[in-house]
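>>> Return a 3D structure for these sequence lines:
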Amino acid sequence: MNKTHRGLGCLILFALPFAAAGLFVGFLAVKMLWLWIEVRDWQEVPARIVHTELITNTGDDSNTYTVEAKYLYEFRGATYEGDRVGLSIGSDNIGSFHQDKHRELSRYQAQGEPFRCYVNPDDPSQAVLFRGLRWGLFALMGVFSLLFTGVGVGLMVGGSWGKRQLHKEEELVAANPQEPWRWKNDWAAGRITATGKTQFLLPAIMAVFWNLISAPLLFLLPKEVIENDNHLALIGLIFPLVGIGLAIWAIRSYIRWKKFGDSVFEMSTFPGVIGGPLAGRVLTSVNLKPSDGFHLTLNCIHRVTRGSGDDRRTSESILWQQVQHLERESAEFDPTRSEIPVDFQIPFDASPTEERSDDDQILWRLQVEAEVPGVDYGSQFEVPVFKTAASLEDSAPIVESDGWRAEEPPAIDLTPHGIDSELLSTGARRLTFSAARHKGPAIALTGFLILWLGFNYLMIHLEAPIFFPIIWGVFSLLIFFGVLDLWFDRRTVEIHSDKLTLAGGIFGMGRTHQIQRTEIREIKPIRGMQSGNKLFYRIQIITQDDKKLVAATKLDNLSLAQAVIERLE
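Numbering: from 1, shown residues only. As a prediction, the model looks like this:
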């Protein structure tokens with residue numbers, strides 16, 4: 001057995017404790033929730049506190065607490081002794097529940113005054129002193145359960161699937177030692193399938209698991225807030241709202257799968273060539289007929305996984321991106337399918353497909369999208385791109401004459417992209433890059449900021465160590481400046497015969513720079529921010545003395561950035 005096989009076996013064994021811990025905590029959370037529902041119908045009776053104690057458990061980093069009590073109560077003529085204080089069991093340091101309840105119970109014990117407890121009328125030996133649900137603890141248990149169960153089950157499923165795939169790929173490597181683009185089973189025949197079923201299963205599993213835990217809160221929380229004036233309970237609404245979002249995601253994925261089925265990318269250049277073309281056709285299972293044509297995006301992505309255990313994180317950074325728009329397909333008279341031609345020219349200095357390690361990969365992804373009535377069409381394919389004998393350093397794009405490619409005018413119209421161009425009385429031309437040009441990312445980041453601030457408030461309310469709210473607050477400021485930039489960044493560039501004038505920033509404020517044309521060494525597009533799978537570009541001006549200035553930001557594709565540079569030059 002080789003190291004990779006042993007590693008997959010160890011991965012499955014490593015995942016078992018995560019899944020078990022997540023499921024166990026999830027079981028406790030659900031049990032606590034249902035107990036809270038049940039005790040709402042238990043009967044209130046007087047109780048006499050005979051003993052109470054606050055147990056402190058000292059750990060390496062912090063202390064946890066448990067409030068204990070013994071009390072006597074009468075029900076239907078019989079006397080019972082109870083010891084359950086609240087709905088949760090065990091010790092913790094979430095908020096000050098144990099300290100507060102211990103002080104309250106000690107006061108009643110010292111004064112000899114009757115307290116109250118809630119008794120199960122069907123089993124009078126069951127009673128509890130405090131029947132309110134601790135929403136902070138419940139939220140923490142829910143998040144813990146979701147993360148640990150998801151990680152554990154995901155690792156086990158992925159490990160089992162990976163082991164099967166590994167056998168197939170080992171056979172392909174042995175058969176094609178000099179052709180790495182034939183080492184993956186999906187690539188071997190030059191036909192890559194994008195299955196909608198796979199894209200549907202992940203959100204479906206997440207939605208079912210999450211909503212089984214959180215859905216009851218959607219009906220019970222409003223009553224808790226109204227009857228007990230417990231506004232902190234509103235925090236619990238986050239969970240069913242997230243569940244609704246996951247359910248919508250799963251339903252849309254299912255509808256997309258049933259509507260469009262699977263799509264296949266047949267490569268005519270196999271593999272895609274660094275310094276050459278990536279060409280072929282995408283075949284769909286139905287005829288799409290989009291009103292706005294097809295939108296194709298080819299991404300070169302650097303995927304990196306960092307950390308280990310609970311801190312393991314995977315991020316994707318887009319190294320290169322090209323976007324195309326096709327007005328129509330190449331087989332538009334076939335009523336049973338759509339045939340979408342693919343033809344990208346890949347630069348010679350791009351990075352080829354490479355698996356440097358399990359945690360460091362370069363991959364290429366082709367995305368095809370189309371707006372159609374109802375759920376829009378979307379598919380993506382991981383494609384092989386390598387340097388081959390056909391790679392040319394000075395390769396030029398292939399000119400198509402089939403009539404299916406959208407005709408681009410010599411100069412791209414900047415107005416639809418939120419860029420206004422006006423001729424000044426001095427003869428100069430001013431380009432104005434208006435604020436809030438990309439409302440989708442702006443709305444998404446604003447929503448994320450609200451959620452981030454909500455968790456910051458929750459940490460403060462639960463009296464978390466001050467270090468955490470401070471660090472959380474610093475990141476809140478950074479996100480806040482990002483929100484300001486997306487909504488209110490406004491810039492202008494005045495193009496004179498002998499100079500460029502740059503001005504603007506957030507709310508249009510910022511330093512003004514005047515650059516003589518003789519001082520400019522280079523104007524080039526560079527990678528800017530990334531929002532999901534969308535890469536934005538900036539225009540950078542480099543002077544003769546290596547000073548770098550930004551003329552424009554948040555340009556949503558390379559062609560637009562190059563069109564702006566043409567105006568500046």
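
>>> quick one, helices of this protein?
With DSSP state H applied, the chain shows helices at 3-39, 97-111, 135-175, 196-228, 238-260, 439-461, 467-488, 558-568, listed in chain order.

>>> Next, format those as JSON lines and append mean pLDDT, distance to His417 and mean neighbour count.
Every residue, glycine included, has its C-beta placed from N, CA and C. What follows is the helices of the chain, written out as JSON lines (pLDDT from 0 to 100; distance: least, CB to CB, whole Å; neighbours: other CB atoms under 10 Å):
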{"stretch": "helix 3-39", "mean pLDDT": "76", "distance to His417": "46", "mean neighbour count": "16"}
{"stretch": "helix 97-111", "mean pLDDT": "92", "distance to His417": "54", "mean neighbour count": "16"}
{"stretch": "helix 135-175", "mean pLDDT": "74", "distance to His417": "39", "mean neighbour count": "17"}
{"stretch": "helix 196-228", "mean pLDDT": "68", "distance to His417": "30", "mean neighbour count": "16"}
{"stretch": "helix 238-260", "mean pLDDT": "81", "distance to His417": "28", "mean neighbour count": "17"}
{"stretch": "helix 439-461", "mean pLDDT": "79", "distance to His417": "13", "mean neighbour count": "15"}
{"stretch": "helix 467-488", "mean pLDDT": "84", "distance to His417": "15", "mean neighbour count": "14"}
{"stretch": "helix 558-568", "mean pLDDT": "79", "distance to His417": "6", "mean neighbour count": "18"}
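
>>> now for those helices, which one comes closest to Gly293?
Put simply, out of the helices of the chain the one that sits nearest Gly293 is helix 558-568, at 15.3 Å, with distance taken as CB to CB.

>>> Name the residues that touch that closest one?
Identification of contacts with helix 558-568 by CB atoms under 8 Å, 6 or more residues apart in numbering yields 321-323, 408, 411-412, 414, 417, 419, 421, 429, 431, 493, 495, 500, 523-525, 537-539, 541, 551-552, 555.

>>> So Arg306 is in contact with Asp360, correct?
No: no contact is recorded between Arg306 and Asp360 when judged using CB atoms under 8 Å, the distance being 9.6 Å.

>>> Could you pull up phi and psi at the residue lying closest to Val323 once chain neighbours are set aside?
Of all residues not flanking Val323 in the chain, Asn557 sits nearest, at 4.4 Å (CB to CB, 6 or more residues apart in numbering). Backbone torsions of Asn557, given as degrees, to the nearest 10, read phi -160, psi 160.

>>> From what I see, Asn557 and Tyr537 are in contact.
Yes: under the contact definition of CB under 8 Å, Asn557 touches Tyr537, with a separation of 7.4 Å.

>>> more neighbours, these two?
In this view Asn557 and Tyr537 are compared by other CB atoms under 10 Å, and Tyr537 has more residues nearby, 25 against 21.

>>> Please determine how far that one is located from Ala503.
Note on Tyr537: its distance to Ala503, by CB to CB, to the nearest Å, is 20 Å.

>>> just Glu355 next, same as before
For Glu355, the distance to Ala503 (CB to CB) stands at 46 Å.

>>> same thing with Ser268?
Spatial separation of Ser268 from Ala503 under the definition CB to CB is 48 Å.

>>> Looking at these two, which is more packed in?
Higher neighbour count among Ser268 and Ala503: Ala503, with 17 against 13, using other CB under 10 Å.

>>> Would you confirm that that one contacts Ile515?
No: using CB under 8 Å, Ala503 is not in contact with Ile515; the gap is 11.8 Å.

>>> Show me the domain layout of this structure.
Structurally, the chain divides into domains by automatic domain parsing as follows: 41-130, 192-250, 262-395, 429-568.

>>> which one of those domains lies closest to Ala21?
Shortest separation from Ala21 across the domains of the chain is recorded for domain 262-395, at 10.7 Å, computed as CB to CB.

>>> And for Lys534, the neighbour number?
For Lys534, the tally of surrounding residues (other CB under 10 Å) stands at 17.

>>> what are the phi and psi angles of the residue of the chain most remote from its centre?
Taking CA atoms, centre = their mean as the measure, the residue most remote from the mean C-alpha position of the chain is Gly77, 58.9 Å away. Note on Gly77: its backbone torsions stand at phi 80, psi 0 [degrees, to the nearest 10].

>>> how far away is it from Glu327?
Using CB to CB, we find Gly77 at a distance of 86 Å from Glu327.

>>> what does Pro352 give?
In this view, Pro352 and Glu327 are 31 Å apart by CB to CB.

>>> Same question for Val242.
Distance, Val242 to Glu327, using CB to CB: 40 Å.

>>> Next: Arg134.
Distance of Arg134 to Glu327, computed by CB to CB: 59 Å.

>>> So these two - more neighbours on which side?
A side-by-side neighbour count of Arg134 and Glu327, using other CB under 10 Å, places Arg134 first with 22 against 13.

>>> list the contacts for the more buried one?
Contact partners of Arg134, counting by CB under 8 Å, 6+ apart, are 86-88, 94-95, 97.

>>> 6 Å instead?
Contacts for Arg134 were tallied using CB atoms under 6 Å, 6 or more residues apart in numbering; they are 88, 97.

>>> tell me the phi and psi of it?
Per-residue torsions, Arg134: phi -80, psi 100 (degrees, to the nearest 10).

>>> Okay, buried residues for stretch 293-309 please.
Of the residues in stretch 293-309, those scored as buried under the neighbour-count criterion (16 or more other CB atoms under 10 Å) are 293-302.

>>> Filter those down to the ones in strands?
Secondary structure from DSSP state E places 294-302 of these in strands.

>>> Now for those residues: which two are most distant?
Maximum pairwise distance among these (CB to CB): 26.6 Å, between Phe294 and His302.

>>> Now do the same for Thr195: its pLDDT.
According to the model's per-residue confidence, Thr195 sits at a pLDDT of 67.

>>> do the same with Val399
According to the prediction, Val399 has pLDDT 40.

>>> so the longest strand belonging to the chain versus helix 97-111, what angle?
Secondary structure of the chain per DSSP E: the longest strand is strand 43-58. Strand 43-58 runs at 120 degrees relative to helix 97-111, counting by axes from the mean of the first three to the mean of the last three CA atoms, to 10 degrees.

>>> partners of strand 43-58 in the sheet?
Strand 43-58 has the following sheet partners, assigned by DSSP bridges: strand 63-75 (antiparallel), strand 115-119 (antiparallel).

>>> What angle do helix 3-39 and the last one make with each other?
With the same axes, to 10 degrees as the basis, strand 115-119 and helix 3-39 are set at 110 degrees to each other.

>>> quick one: strand 115-119 to chain centroid distance?
Centroid displacement of strand 115-119 relative to its chain, using CA atoms, centre = their mean, to the nearest Å, is 46 Å.

>>> what is the rounded mean pLDDT of it?
Here strand 115-119 scores 95 as its mean pLDDT.

>>> buried set for it?
Counting neighbours by 16+ other CB under 10 Å, strand 115-119 gives 115, 117-119 as buried.

>>> sorry, back to before: quick check: the residue nearest to Val323 vs Ala127, distance?
Note on Asn557: its distance to Ala127, by CB to CB, is 67 Å.

>>> cool, Lys499 as well?
Relative to Ala127, and taking CB to CB, Lys499 is found at 84 Å.

>>> who's more crowded, these two?
When Lys499 is set against Ala127 and neighbours are counted by other CB under 10 Å, the residue ahead is Ala127, at 24 against 16.

>>> That one: what's it in contact with?
Shown here is Ala127, whose contacts under the criterion CB under 6 Å, 6+ apart are 82, 117, 119.

>>> State the phi and psi torsions of the closest residue to Asp292 other than its chain neighbours.
What sits nearest to Asp292 in space, not counting adjacent residues and going by CB to CB, 6+ apart, is Glu371, at 5.2 Å. With angles defined as degrees, to the nearest 10, Glu371 sits at phi -90, psi 120.
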